[in-house]
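Undergrad: 3D model of this:
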Amino acid sequence: MVSVKFNMKLSLLVDQFTYEITFDLEDQVYIAKSAELPSVKAHGDTHERALKEVKKANKLALEDMFENGEELPRPLALNKYSGKVHVRMGPDLHREFAKDAALNGMSMNQLILNKLAK
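TA: Residues are numbered from 1 along each chain as shown. Next comes the predicted model:
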């Protein structure tokens, strides 16, 4: 059992999570999940209800994680991003990107950014 003070901290943590809410045509409900706990989902008949339900489910999941000594996820919103991503690839793919970049008169970085943006 967690204390009232810790319970409030969990509520603040859950409020900082990044949420996605989609509409399921087949079941005619909204389904919500967070990036921080993607396996926890909840649904509701409105966008707001789905969000409220997934926040409750996330809070219960965090309580369980805490009680079991697991590390709690950090909200994505608190992360700092440098804009750099290091990617490893096989030599054949690397060669193909280098060739395509040269043929298009651009850097390999710009070529990859263009492909990712599509």
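Undergrad: which residues does the spatially most central residue of the chain contact?
TA: For the chain, the residue lying nearest the average C-alpha position, counting by CA atoms, centre = their mean, turns out to be residue 35 (2.7 Å). Shown here is residue 35, whose contacts under the criterion CB atoms under 8 Å, 6 or more residues apart in numbering are 17-20, 76. The C-beta positions use only the backbone N, C-alpha and C, and glycine is treated the same way.
Undergrad: now restrict these to buried residues only.
TA: The neighbour count (16 or more other CB atoms under 10 Å) marks 17, 19 as buried among those.
Undergrad: tabulate the contacts of residue 35 in TSV, adding columns for pLDDT.
TA: Shown next, in TSV, are the contacts of residue 35 (pLDDT from 0 to 100):
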residue	pLDDT
17	97
18	97
19	98
20	98
76	94
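Undergrad: so which of the contacts of residue 35 belong to strands?
TA: Secondary structure assignment (DSSP state E) places 19-20 from those within strands.
Undergrad: list just the nearest of the contacts of residue 35 to residue 26.
TA: Using CB to CB, residue 20 is the member of the contacts of residue 35 that lies nearest residue 26, at 18.0 Å.
Undergrad: okay, now the domains of the protein?
TA: Taking automatic domain parsing as the domain assignment, the ranges for the chain are 4-78, 80-118.
Undergrad: so which of the ones you listed is the most surrounded?
TA: Here the criterion is mean neighbour count by mean count of other CB atoms under 10 Å, and of the domains of the chain the winner is domain 4-78, at a mean of 15.
Undergrad: is it true that residue 30 lies in a strand?
TA: Yes - read with DSSP: H, G, I helix; E, B strand; the rest coil, residue 30 is one of the residues of a strand.
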